[in-house]
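Novice: what's the 3D shape of this:
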Amino acid sequence: MGLFDKLKNTPVVSQPESAGGNKTQRIVFNTLPDTFEEFVSLPQAKMETPFDTAAMTVLAFCFYPENKELSLRMLDFLKGPQPLSPMDKQFIRDRFMDKDYVPRSYFDGATPENNYLPAEPYTITVSSNPYSYQNEGYATLYITSGGADSPRSVQMRKAKDGKWYLWEQFILVDIRKPESMNPWA
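Specialist: Predicted coordinates:
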């Protein structure tokens with residue numbers, strides 16, 4: 001069973017693409033991994049660009065509701081030489097208490113109306129702005145959620161090996177509830 005198969009009984013509503021910054025990249029996942037080995041073998045797992053690492057971060061968080069250990073292992077991989085701290089893990093656990101839909105809201109086509117079911121192929125649009133590379137060796141990029149009014153940031157840090165590792169993220173913040181959970185919808 002695939003990562004989003006449980007949600008497929010809801011029709012997909014497409015969302016218009018928005019630029020949102022100086023540079024916008026659409027990171028496409030033709031298939032979604034089922035294991036850690038498949039995750040690290042994705043082309044984006046080379047982390048050659050901060051855009052790839054930002055998109056991989058969203059993907060790793062999507063696993064948390066179903067398999068916490070796998071998700072945390074994926075995030076540790078993305079964090080590189082600085083794995084998640086116990087405080088980071090507690091923060092993540094707290095954010096997922098009743099909002100498992102937040103990470104999948106960053107995929108194109110995922111909206112409150114379709115219970116955040118992403119469109120296929122699975123695509124995450126990542127943007128930079130004039131301030132994204134303000135600090136040398138760091139990149140702050142932005143990802144739009146189908147349930148938020150403004151993009152959320154993810155910061156990467158470039159290591160000596162040339163890879164862009166996850167430094168910090170602000171994507172697990174609250175968004176609009178899916179219509180299936182909203183008594184007022």
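Novice: ok, now which residue in this structure is the farthest from the centroid?
Specialist: Here the chain reaches farthest from its C-alpha mean at residue 184, the gap being 27.5 Å by Cα atoms, centre = their mean.
Novice: in a helix, that's where that residue is, yeah?
Specialist: No. Counting by DSSP: H, G, I helix; E, B strand; the rest coil, residue 184 is not found in a helix; it is coil.
Novice: tell me which element the most centrally placed residue in the chain is part of?
Specialist: With distances taken as Cα atoms, centre = their mean, the residue of the chain nearest its centroid is residue 58 (1.5 Å). Assigned by DSSP states H and E, residue 58 falls within helix 50-62.
Novice: any chance you could list what contacts the helix or strand following that helix?
Specialist: The helix or strand immediately downstream of helix 50-62 is helix 68-79, counting by DSSP H and E. Outside helix 68-79, the residues that touch it by Cβ atoms under 8 Å, 6 or more residues apart in numbering are 35-36, 39-40, 45, 47, 53, 56-57, 59-64, 83-84, 89, 92-93, 165-166. Yep, even glycine has a C-beta here, placed from its N, CA and C like the rest.
Novice: just the buried subset of those residues, please.
Specialist: Neighbour-count burial within the contacts of helix 68-79 applies to 36, 39, 45, 47, 53, 56-57, 59-64, 84, 92, 165-166; the criterion is 16 or more other Cβ atoms under 10 Å.
Novice: how far away is the closest residue to residue 80 other than its chain neighbours from residue 158?
Specialist: Counting by Cβ to Cβ, 6 or more residues apart in numbering, the nearest residue to residue 80 once its immediate chain neighbours are dropped is residue 165, at 3.7 Å. In this structure, residue 165 and residue 158 are separated by 8 Å, where distance is defined by Cβ to Cβ, to the nearest Å.
Novice: ranges for the strands of this structure?
Specialist: The residue ranges that make up the strands of the chain, judged by DSSP state E, are 23-29, 122-128, 138-143, 152-158, 164-169.
Novice: of those, which is nearest residue 3?
Specialist: Ranking the strands of the chain by their distance to residue 3 (criterion: Cβ to Cβ) puts strand 122-128 first, at 8.7 Å.
Novice: helices or strands next to the closest one in the packing?
Specialist: For strand 122-128, the contact count by 3 or more Cβ pairs under 8 Å, 6 or more residues apart in numbering; DSSP states H and E identifies strand 23-29, helix 50-62, strand 138-143 as packing neighbours.
Novice: between that strand and helix 50-62, how many degrees?
Specialist: Orientation of strand 122-128 against helix 50-62 (axes from the mean of the first three to the mean of the last three Cα atoms, to 10 degrees) gives an angle of 130 degrees.
Novice: model confidence for the closest residue to residue 33 other than its chain neighbours, exactly?
Specialist: Taking Cβ to Cβ, 6+ apart as the measure, residue 33 lies nearest to residue 39, with 4.2 Å between them; neighbours along the chain are not counted. For residue 39, the model assigns a pLDDT of 98.
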